[in-house]
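# What follows is a predicted structure for the sequence shown.
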Amino acid sequence: MDIAAGDEVIRRRLIQILQHNVANADDKIDASADQLQAIFTENINIGAVPARLSFEHVFFDVRKADAKARADYALQEKLFDASTSDVFLEGNHFFALTPSSLSSKFGHDFSVALNQKDTPIGEWFGPLQSAYGFHLVRLTERQAAYRRPVAELGPELDSIWKKGQQAQHWQDYLEDLRHQYRVECHAPN
């Protein structure tokens, strides 16, 4: 029929089917505990849970006059309610924000200042500047970064191992095919 000779889509689909068949030929084999541990050890990002911060803040909009001075005054006089501050559309309470989500919401400098280890929990401090204005902040909770144990990551590690095995089977299959053929050149000298 020669339908695949000129049709790139059919050729690609046939290759996908062949890859699937070769890769899944030995899918009944499970990884050993040592193999899963090796994957866990080699890939430090697997199971990593970033640090998280919860806090409340009082906001002073930079578009209004003397935002920094109003923030300094509110901190000095311990005025931490909505009557002395401006409205922040996303609210005044944030829970379990990672450093990257904190940076995307408030800016890098704000995130760095808030993530410092000596930042007091339960005490108001600031003002911290963000892309929006100035904030008086009170940390309510700090959760340290950690890595989930290998026992919790079994299915994820097993999936990574199986994908590696499938890729290796495909490479082995291609290598076997290459050895079955011989290249001849009939070019004139």
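Yep, it's here.
# Mind giving me the packing neighbours of the helix or strand containing Asp72?
For Asp72, the element it lies in under DSSP states H and E is helix 67-76. In terms of contacts (3 or more C-beta pairs under 8 Å, 6 or more residues apart in numbering; DSSP states H and E), helix 67-76 is packed against strand 52-61, strand 124-129, strand 133-143. To be clear about C-beta, it is placed using only N, CA and C from the backbone, and glycine gets the same treatment.
# right, and the helix or strand after that helix?
Later in the chain than helix 67-76, the nearest helix or strand by DSSP H and E is strand 93-97.
# Run through who's touching that following strand.
Outside strand 93-97, the residues that touch it by C-beta atoms under 8 Å, 6 or more residues apart in numbering are 52-57, 105, 141, 143.
# Next, the buried residues of that strand.
94, 97 (16 or more other C-beta atoms under 10 Å).
# just the angle between that strand and strand 52-61, please?
Strand 93-97 runs at 140 degrees relative to strand 52-61, counting by axes from the mean of the first three to the mean of the last three C-alpha atoms, to 10 degrees.
# Going toward the C-terminus from strand 93-97, what's the next helix or strand?
helix 99-106.
# Show me what that next one packs onto, helices and strands only.
Short answer (3+ C-beta pairs under 8 Å, 6+ apart): helix 99-106 packs on helix 108-114.
# So what's the gap between the helix it packs on and the chain middle?
Put simply, helix 108-114 sits 19 Å off its chain's centre (C-alpha atoms, centre = their mean, to the nearest Å).
# can you tell me the average pLDDT over it?
Averaging pLDDT along helix 108-114 yields 88.
# Tell me the spacing between the residue nearest to Ala67 when sequence neighbours are not counted and Val112.
Ranked by C-beta to C-beta, 6 or more residues apart in numbering and with sequence neighbours excluded, the top spatial neighbour of Ala67 is Phe60, at 4.2 Å. According to C-beta to C-beta, to the nearest Å, Phe60 stands 20 Å off from Val112.
# Likewise for Leu128?
From Leu128 over to Val112 (counting by C-beta to C-beta), the distance is 10 Å.
# Repeat that for Ala51.
12 Å.
# Looking at Phe60 and Val112 now, which is surrounded by more residues?
More crowded of Phe60 and Val112, by other C-beta atoms under 10 Å: Phe60, with 27 against 13.
# Please consider this matter closed, and thank you.
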